[in-house]
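J.: Have a look at this prediction, sequence included:
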Amino acid sequence: MIAIDSNVLVYAHRRDSPFHQSAIAQLDKYAGSRAPWAIPWPCLHEFFAVVTHPRIYASPSSPADASEQVLAWLASPSMTAIGETPKHWQRMSALLRSGGVVGGAIHDARIAAICLDHGVSEILTLDRDFERFDGLRVRQLAP
């Protein structure tokens, strides 16, 4: 199963993004497929925070528009929103040690731990931060 990182969600939503077409095409492919895919809850939270932030976008998305977008993703019958499990800290602490994680990189370790706890083997993203976590392949969004 593949999970979608928040940056892909942002680019799919924001038409002013240089990666919009690529991101929306990928999400449409997953949403229209019967194959299971996932979005970690922290990625949905970060999506909402980024697209509605007036210091990031001169014309940010309205909270209503951002919420409607999240609801549309949640409505995909093949998508599962995933979060922490009871064994989350055990998995996360191992990733923190093995990945040499400090500071703000803990956010990516949290997402990686959630993914691995739910059997996600791959994450679609635009950055390389997840490459430090064993067991989670990184698929780069092609521009």
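T.: Looks like it came in fine.
J.: Averaged over its residues, which helix or strand of this protein has the lowest pLDDT?
T.: For the chain, using mean pLDDT, DSSP states H and E, the weakest element among its helices and strands is helix 88-99, scoring a mean of 92.
J.: Now do the contacts for His53.
T.: Pro60 (CB atoms under 8 Å, 6 or more residues apart in numbering). Placement of C-beta: from N, CA and C, glycine included.
J.: Point out the other helices and strands that the least confident helix or strand of the chain packs with.
T.: Judged by 3 or more CB pairs under 8 Å, 6 or more residues apart in numbering; DSSP states H and E, the packing partners of helix 88-99 are helix 106-117.
J.: For the least confident helix or strand of the chain, give me every contacting residue.
T.: Applying CB under 8 Å, 6+ apart, the set of residues contacting helix 88-99 is 85, 101, 105-106, 109-110, 112-114, 116-117, 132-134.
J.: Distance from the chain centre to it, please.
T.: 19 Å (CA atoms, centre = their mean, to the nearest Å).
J.: Repeat that for stretch 43-50.
T.: 9 Å.
J.: what about the residue of the chain positioned farthest from its centre, distance to Ser98?
T.: Distance to the chain centre peaks in the chain at Ala58, reaching 23.3 Å (criterion: CA atoms, centre = their mean). With the distance defined as CB to CB, to the nearest Å, Ala58 ends up 41 Å from Ser98.
J.: Would you mind giving me the confidence score for the residue nearest the centre of the chain?
T.: Nearest to the mean C-alpha position of the chain, by CA atoms, centre = their mean, lies Asp5 at 2.1 Å. For Asp5, the pLDDT comes out at 97.
J.: Got phi/psi on it?
T.: Main-chain torsions, Asp5, degrees, to the nearest 10: phi -80, psi 160.
J.: I appreciate the help and will end here.
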